[in-house]
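Student: dropping the sequence and predicted coords here.
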Amino acid sequence: MKLHIKYMMSNRCKAVVKEALKELGLHFIIVDLGEVDIMETLTPIQLDELRNMLLKSGLELMDDRKAVLIDKIKQAVIEMVYQSDELIKINFSVYLTDKLQQDYNSLASLFSEVQGTTIEQFVIGHKVERIKELLIYGELNITEIAWKMNYSSVAHLSNQFKKVTGLSPSHFKQLRNKREAPVEEILN
């Protein structure tokens, strides 16, 4: 039996789900981000118990097919932006179509209808958050970040970053550095 779980976006979440399944005496085949494949067919009582256990950890069982599809889109974005060492170097619409085996236009239409924003804006928002992280870590320069995040140029990254945050990447980093500076350095 396949179950879909909302907000299951990390290895910690996977561990929580595995523990809940073990507590209920259920055997899983696969526990992946957003999906669980278990050997048993759940009774309504088991389903309610699992739902309640997951809710306590901020996770949610999904029944609605649209919600499941929206969650898969979000997971694909997060996987692409945060979890791959190198951002996938193909157009996201092609990536999503291949990954979910569905027409991109219908996915985009459903996403916009349910989320009130486009897939593109959702991707850009997550890319900007990832760029912020990379800027804060300070291990990569802006050119390396642009390449890693699959931007055509530093200017493209900077323009998109500024549209979302109101700051240039260098100004963002300067503000961040000032926040972390000791009080003595700021006062001098």
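Tutor: Yes, it's here.
Student: what segments of the chain are strands?
Tutor: Under the criterion DSSP state E, strands of the chain are mapped to 2-6, 28-32, 35-38, 60-62.
Student: residues contacting Q75?
Tutor: Going by Cβ atoms under 8 Å, 6 or more residues apart in numbering, Q75 touches 9, 33-34. In this view, the C-beta of every residue, glycine as well, is placed from N, C-alpha and C.
Student: pull out the buried residues from those.
Tutor: With neighbours counted by 16 or more other Cβ atoms under 10 Å, the contacts of Q75 contain buried members at 9, 33-34.
Student: tabulate the residues you listed (a markdown table), appending pLDDT and distance to V94.
Tutor: Written out in a markdown table, the entries for these read as follows (pLDDT from 0 to 100; distance: Cβ to Cβ, whole Å):
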| residue | pLDDT | distance to V94 |
| --- | --- | --- |
| M9 | 77 | 23 |
| L33 | 77 | 21 |
| G34 | 79 | 21 |
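Student: let me know the closest of those residues to I124.
Tutor: Distances from the buried ones among the contacts of Q75 to I124 were compared by Cβ to Cβ; the smallest belongs to M9, at 18.4 Å.
Student: tell me the domain boundaries of this protein?
Tutor: 2-63, 67-178 (automatic domain parsing).
Student: how much space separates N150 from A76?
Tutor: For N150, the distance to A76 equals 15 Å [Cβ to Cβ, to the nearest Å].
Student: who's more crowded, these two?
Tutor: With other Cβ atoms under 10 Å as the criterion, N150 and A76 differ in neighbour count, and A76 comes out ahead with 22 against 17.
Student: quick one: the more buried one and Q101 touch, right?
Tutor: No. With contact defined as Cβ atoms under 8 Å, A76 does not reach Q101; the gap is 11.7 Å.
Student: so who does the nearest residue to L135 once chain neighbours are set aside touch?
Tutor: Take L135 and drop its neighbours on the chain: the residue closest to it by Cβ to Cβ, 6 or more residues apart in numbering is K173, 4.8 Å away. Contacts for K173 were tallied using Cβ under 8 Å, 6+ apart; they are 135-136, 138.
Student: save these as CSV, and put in pLDDT, distance to E23 and neighbour count too.
Tutor: Converted to CSV, the contacts of K173 look like this (pLDDT from 0 to 100; distance: Cβ to Cβ, whole Å; neighbours: other Cβ atoms under 10 Å):
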residue, pLDDT, distance to E23, neighbour count
L135, 93, 41, 20
I136, 91, 38, 13
G138, 87, 42, 10
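Student: from the residues you listed, which is closest to H4?
Tutor: Taking Cβ to Cβ as the measure, H4 sits nearest to I136 out of the contacts of K173, at 33.0 Å.
Student: and the pLDDT for the residue most central in space within the chain?
Tutor: When the chain is reduced to its mean C-alpha position, the closest residue under Cα atoms, centre = their mean turns out to be I78, at 2.7 Å. Here the pLDDT value assigned to I78 is 87.
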